[in-house]
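# Take a look and give me a structure for this.
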Amino acid sequence: MRFASAAALLVGAALVLAPVARAETAPDPALKAQVEGIVRDYLLAHPEILIEMTTKLESQRAAQEAAEARDMIRSEKEALFEAPGQVVIGNPDGDVTLVEFFDYNCGYCRQASGDLARLIEGDKNLRVVLKEFPVLGDASVEAAQVAVAVNRVAPERYSAFHFALLHSAGRADRAAAIAAAEKAGIDRKTLDKALADSAGINAEIQKTYALATRMGLTGTPSWVVGPEIIVGAVGFDNLKQKISDARACGTEC
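Predicted coordinates for the structure are as follows:
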């Protein structure tokens, strides 16, 4: 392969220069220039080598990142999939869990909400965990606070509330979230009583911030399924395939 030839050339150049570099005196400029010229001329004559080298480096980096993601997911298994009080929609006993970190004011989250609804509708064995991750300002925090309260008082109505708020016009804030909750059939007085525990609600949101920080997540939507971390609104087909892959590998993921 060209890549192997280039590697051999560079190794040979290093071996030539190494004894000179280890000397107490400066390397012979003429020898250094000669070796550098050989390497330069070879690469100019075979520029495709640079593409091969880049491809190999990217492949190695992707493999390393995948391994790091697997290790991270395993170490955060309980916080990701079984945290007390977390939101679970879809089939709570499903054989595959898809986790989404989201923000109600994230345009990509709103875009991805249709994909998520289709996945839940089409896969009756899919369990979905939703993580309130308000990263887009105070309004997003307000909406997340209402969402936590909704899950406390009416978890069976959370899904209806969630999609209603994501599909609502304008910016999601406390007022918009309360309106979405009422639209989902949640009693306002009951909701207000839950919202009075602001310290407890904020503590739950902080747990998600801390989890996201440990996992290196900074944006929304971010997904976890099987051994993978996926960032962005990657589309229905992509998520469906990742779920299928996770189902196929089962406990070996």
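# Strands of this structure, residue ranges please.
For the chain, the strands defined by DSSP state E cover 87-90, 96-102, 126-132, 222-225, 228-231.
# Redo these as TSV? Include mean pLDDT and distance to His167.
For the C-beta atoms, the positions are set from N, CA and C on the backbone; glycine is no exception. Formatted as TSV, the strands of the chain follow (pLDDT from 0 to 100; distance: least, C-beta to C-beta, whole Å):
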stretch	mean pLDDT	distance to His167
strand 87-90	97	15
strand 96-102	98	13
strand 126-132	98	15
strand 222-225	97	20
strand 228-231	95	22
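# which stretch among those comes nearest Tyr158?
Of all the strands of the chain, strand 87-90 sits nearest to Tyr158, with 5.7 Å by C-beta to C-beta.
# Does anything pack onto that closest one? Which helices or strands?
Packing partners of strand 87-90 (3 or more C-beta pairs under 8 Å, 6 or more residues apart in numbering; DSSP states H and E): strand 126-132, helix 158-166.
# Serialize those to CSV and add fields for mean neighbour count and distance to Ala175.
As requested, the helices and strands packed on strand 87-90 are exported to CSV (neighbours: other C-beta atoms under 10 Å; distance: least, C-beta to C-beta, whole Å):
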stretch, mean neighbour count, distance to Ala175
strand 126-132, 22, 18
helix 158-166, 21, 11
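# will you turn those into TSV that also has distance to Leu239?
TSV is the format used below for the helices and strands packed on strand 87-90 (distance: least, C-beta to C-beta, whole Å):
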stretch	distance to Leu239
strand 126-132	10
helix 158-166	16
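# follow-up on the earlier one: would CSV of the strands of the chain with distance to Glu78 be doable?
Listed next are these as CSV, based on distance: least, C-beta to C-beta, whole Å:
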stretch, distance to Glu78
strand 87-90, 14
strand 96-102, 12
strand 126-132, 12
strand 222-225, 13
strand 228-231, 17
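# Ok, which of those strands comes nearest Ala184?
Across the strands of the chain, closest to Ala184 is strand 87-90 (C-beta to C-beta), at 12.6 Å.
# what about the strands of the chain, which gets the closest to Thr55?
Of those, nearest to Thr55 by C-beta to C-beta is strand 228-231, at 21.3 Å.
# so which of the strands of the chain gets nearest Phe163?
strand 87-90 (9.5 Å).
# quick one on the thing from earlier: looking at the strands of the chain, which is closest to Leu166?
Of all the strands of the chain, strand 96-102 sits nearest to Leu166, with 8.3 Å by C-beta to C-beta.
# contacts for that closest one?
80-81, 90, 109, 112, 116, 119, 125-133, 208, 212, 217, 220-226, 239, 243, 246-247 (C-beta atoms under 8 Å, 6 or more residues apart in numbering).
# Pull the distance from it to the chain's centre.
10 Å (C-alpha atoms, centre = their mean, to the nearest Å).
# i'd like the first residue to be 180 from this point on
Done: numbering now begins at 180, and the last item shifts to strand 275-281.
# shaky segments in the protein?
180-206, 236-246, 248, 430-432 (pLDDT under 70).
# In it, what residue spans correspond to helices?
Remark: helices assigned in the chain by DSSP state H are 181-201, 208-224, 227-254, 256-260, 286-301, 317-332, 337-345, 353-362, 367-374, 377-394, 415-428.
# Buried ones in the fifth one, by neighbour count?
Of the residues in helix 286-301, 287-289, 291-292, 294-296, 298-299 count as buried by neighbour count, 16 or more other C-beta atoms under 10 Å.
# which one of those sits closest to Ile409?
For the buried residues of helix 286-301, the nearest to Ile409 is Ala291 (10.6 Å; C-beta to C-beta).
# check contacts around the closest residue to the closest one other than its chain neighbours.
Nearest residue to Ala291 in three dimensions, chain neighbours excluded: Ala412, at 4.3 Å (C-beta to C-beta, 6 or more residues apart in numbering). Contact partners of Ala412, counting by C-beta under 8 Å, 6+ apart, are 287-288, 290-291, 294, 400.
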